[in-house]
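Chemist: sequence first, predicted model second:
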Amino acid sequence: MSVNEMRGEVALTVNGERHVMRLSLGALAMLEGEVGASSLTEIVSRYESESVGAGDILALLRAGLWGGGVEISPAELAHADIAGGPLEAARAAARLLHLAFSLPQTAQT
């Protein structure tokens with residue numbers, strides 16, 4: 001399963017299984033509801049702040065997994081084994097958000 005960054009895709013290994021995450025419009029709507037945001041601008045501002053918590057990262061990963069076709073409950077994801085641990089989870093979440101709101105020609109860093 002390859003990752004297409006031009007589509008905003010990011011890989012994450014959860015419980016030993018590699019998944020491709022993506023923030024589709026539906027996934028972003030799910031994320032808005034989960035974090036209590038009223039707009040996409042509020043989502044971006046929330047994640048750009050210095051007070052992002054572990055719950056925020058889990059919500060973003062869950063939305064990305066859902067956008068990639070994987071349904072996982074918040075409790076299941078909270079107890080899951082993410083390859084690379086918290087640092088990799090945060091890195092993948094940041095990359096996912098960056099790609100979702102970047103123009104294709106500037107998406108690669």
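Modeler: In hand now; what should we look at? Remember, it's a predicted structure, so these values are computed and weren't measured experimentally.
Chemist: quick one: the worst-scoring helix or strand of the chain on mean pLDDT to chain centroid distance?
Modeler: Sorted by mean pLDDT, DSSP states H and E, the helices and strands of the chain end with helix 40-48, the least confident at a mean of 86. Taking CA atoms, centre = their mean, to the nearest Å, one finds the center of helix 40-48 at 13 Å from the center of the full chain.
Chemist: got the buried residues for it?
Modeler: 43, 46-47 (16 or more other CB atoms under 10 Å). For every residue, glycine as well, the C-beta is placed using N, CA and C.
Chemist: now swap in stretch 17-29 and tell me
Modeler: 19-24, 27-28.
Chemist: can you redo the residues you listed as JSON lines with secondary structure and distance to Ser2?
Modeler: Formatted as JSON lines, those follow (DSSP: H, G, I helix; E, B strand; the rest coil; distance: CB to CB, whole Å):
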{"residue": "His19", "secondary structure": "strand", "distance to Ser2": "13"}
{"residue": "Val20", "secondary structure": "strand", "distance to Ser2": "8"}
{"residue": "Met21", "secondary structure": "strand", "distance to Ser2": "13"}
{"residue": "Arg22", "secondary structure": "coil", "distance to Ser2": "13"}
{"residue": "Leu23", "secondary structure": "coil", "distance to Ser2": "18"}
{"residue": "Ser24", "secondary structure": "coil", "distance to Ser2": "18"}
{"residue": "Ala27", "secondary structure": "helix", "distance to Ser2": "20"}
{"residue": "Leu28", "secondary structure": "helix", "distance to Ser2": "23"}
